[in-house]
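Enquirer: quick one, what's the 3D model for this:
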Amino acid sequence: MRPSRSLAAGAASLALLAMLSGCGSDSESGSGTKTGADSVFGSGGGSETGADGAGTGGDTGQSTADGLPQAADTASVADYLNQYTPCQDVATGDEYDDGHDGDAWGTDESEDPAWSIEERAVCTDGSGRPIALLVVPDMKKFQTAARSSGDEFLVGENFAVVPVGDEAIRSLQQSGLRFLTCDADLAVPSGFEKEPALVDGCVLTNYVPE
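Expert: Here you go, the predicted structure:
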């Protein structure tokens, strides 16, 4: 997947009826290791095994009329992700950043009202790479900020996630999330879904480019 400003120069999803093509190419930068703050779906390394698919409680995984999952809080987001990929050791954004500053997306953005991020947490996938968990009460406002920044996300009805590891990204492509991008040049191959997002110039699709 191409980098977008910071994932934040970039970041990714998607209800699949079939497994999508893998995502996350490792273009090197700086030290050669991308972090969640370097690419909205930072290409990551390490193999992971999927979660056991255990059921979730509360509002986790409920779908809206549009078919997108919604969650009440970051704990519910983590429960939802755990159906498809490990999302373990959940910590608040501040707790995670204390020891991993810049590794997970959203350190600065979560403090900016323009993003409408009510809650930010971070979990780790099976290879120890971060997944940023974002509760977003105003998705239109969030998408407007994403369009301005160029960042890309995997989104539900009222939350967004930013995985870094390749295996986590591939596993989440089987979930009900969608890839949010405002890339006007994105060409979606036939057979994949593509629909307008809430903001002009942005789309939701179950196709994630390499």
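Enquirer: can you tell me the SS state at Tyr80?
Expert: At Tyr80 the chain is in helix, as set by DSSP: H, G, I helix; E, B strand; the rest coil.
Enquirer: and for it, the neighbour number?
Expert: Tyr80 is flanked by 26 other residues according to other Cβ atoms under 10 Å. In short, each C-beta sits where N, CA and C put it, glycine included.
Enquirer: thought it was touching Gln70?
Expert: No. If you go by Cβ atoms under 8 Å, Tyr80 and Gln70 don't touch, sitting 9.2 Å apart.
Enquirer: mutual contacts of these two, please.
Expert: Gly156 (Cβ atoms under 8 Å, 6 or more residues apart in numbering).
Enquirer: where along this structure do the strands fall?
Expert: Using DSSP state E, the strands found in the chain span residues 5-6, 8-9, 62-63, 69-70, 88-92, 119-124, 130-135, 153-155, 159-163, 178-181, 194-196, 203-205.
Enquirer: let me have those strands in a markdown table, adding distance to Val188 as columns.
Expert: Shown next, in a markdown table, are these (distance: least, Cβ to Cβ, whole Å):
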| stretch | distance to Val188 |
| --- | --- |
| strand 5-6 | 22 |
| strand 8-9 | 22 |
| strand 62-63 | 22 |
| strand 69-70 | 21 |
| strand 88-92 | 33 |
| strand 119-124 | 29 |
| strand 130-135 | 24 |
| strand 153-155 | 16 |
| strand 159-163 | 20 |
| strand 178-181 | 10 |
| strand 194-196 | 4 |
| strand 203-205 | 5 |
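Enquirer: now these as a markdown table including mean pLDDT, distance to Ser171 and mean neighbour count?
Expert: Below are those laid out as a markdown table (pLDDT from 0 to 100; distance: least, Cβ to Cβ, whole Å; neighbours: other Cβ atoms under 10 Å):
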| stretch | mean pLDDT | distance to Ser171 | mean neighbour count |
| --- | --- | --- | --- |
| strand 5-6 | 38 | 23 | 21 |
| strand 8-9 | 36 | 22 | 22 |
| strand 62-63 | 48 | 19 | 14 |
| strand 69-70 | 97 | 15 | 22 |
| strand 88-92 | 97 | 14 | 16 |
| strand 119-124 | 98 | 13 | 24 |
| strand 130-135 | 99 | 11 | 28 |
| strand 153-155 | 97 | 11 | 27 |
| strand 159-163 | 98 | 9 | 30 |
| strand 178-181 | 96 | 14 | 30 |
| strand 194-196 | 94 | 22 | 12 |
| strand 203-205 | 95 | 18 | 21 |
